[in-house]
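Undergrad: below are the sequence and a predicted model for it; my questions follow.
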Amino acid sequence: QVQLVESGGGLVQAGGSLRLSCAASLRTFSNYAMGWFRQAPGKEREFVAGISWRGGNTYSADSVKGRFTISRDNAKNTVYLQLNSLKPEDTAVYYCAARLFLYSDNGERYAYWGQGTQVTVSS
């Protein structure tokens, strides 16, 4: 059974930083593109950042460019999201997701999802 487990969320003041981790039980983790998405209360889920299956290419939403960085460690079956210069509007539940091979910013194309980790940014 595939499991994605996020960790690292919490409460932080505006301007602060957090590092989210997502540990995956995928046997061939290196074959999967990984994505981070978020959902704020009353809003639709939105794409945050993605990374190709070998980690050579990264993608991020305009709203987080220059502030958030996605990376992966295939030896540890883990993908990370570094969140810097956090803003109150970044408050959301953050989810990681896995898709075989090809990256996408469309959450509907991801096969596996974690349970999410809450990030709350106070002003």
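TA: Perfect, thanks for sending it.
Undergrad: which strand residues bridge the residue nearest the centre of the chain?
TA: Central residue check for the chain by C-alpha atoms, centre = their mean: the C-alpha nearest the mean position is that of W36, 2.5 Å away. With DSSP bridges applied, W36 shows beta-bridge pairing to A49, C96.
Undergrad: confidence score at it?
TA: You'll see W36 listed with a pLDDT of 98.
Undergrad: look up how far S123 lies from it.
TA: 23 Å (C-beta to C-beta, to the nearest Å). Any C-beta I mention is one placed from the backbone N, CA and C, and that applies to glycine too.
Undergrad: ditto for A97
TA: Going from A97 to S123 by C-beta to C-beta gives 29 Å.
Undergrad: run through this structure and note the low-pLDDT ranges.
TA: Applying pLDDT under 70 to the chain flags no residue at all.
Undergrad: could I get the full set of strands for it?
TA: With strands called from DSSP state E, the chain shows them at 4-7, 10-13, 18-24, 32-39, 46-51, 58-60, 68-73, 78-83, 92-100, 112-113, 117-122.
Undergrad: now the angle from the longest one to strand 117-122?
TA: Using axes from the mean of the first three to the mean of the last three C-alpha atoms, to 10 degrees, one finds that strand 92-100 and strand 117-122 are set 140 degrees apart in direction.
Undergrad: just how off-centre is strand 92-100 within its chain?
TA: Centroid separation for strand 92-100 versus its chain: 5 Å, with C-alpha atoms, centre = their mean, to the nearest Å.
Undergrad: same deal with the first one?
TA: Between the centre of strand 4-7 and the centre of its host chain there is 10 Å, according to C-alpha atoms, centre = their mean.
Undergrad: list the buried residues of stretch 23-30.
TA: A23, A24, L26, F29 (16 or more other C-beta atoms under 10 Å).
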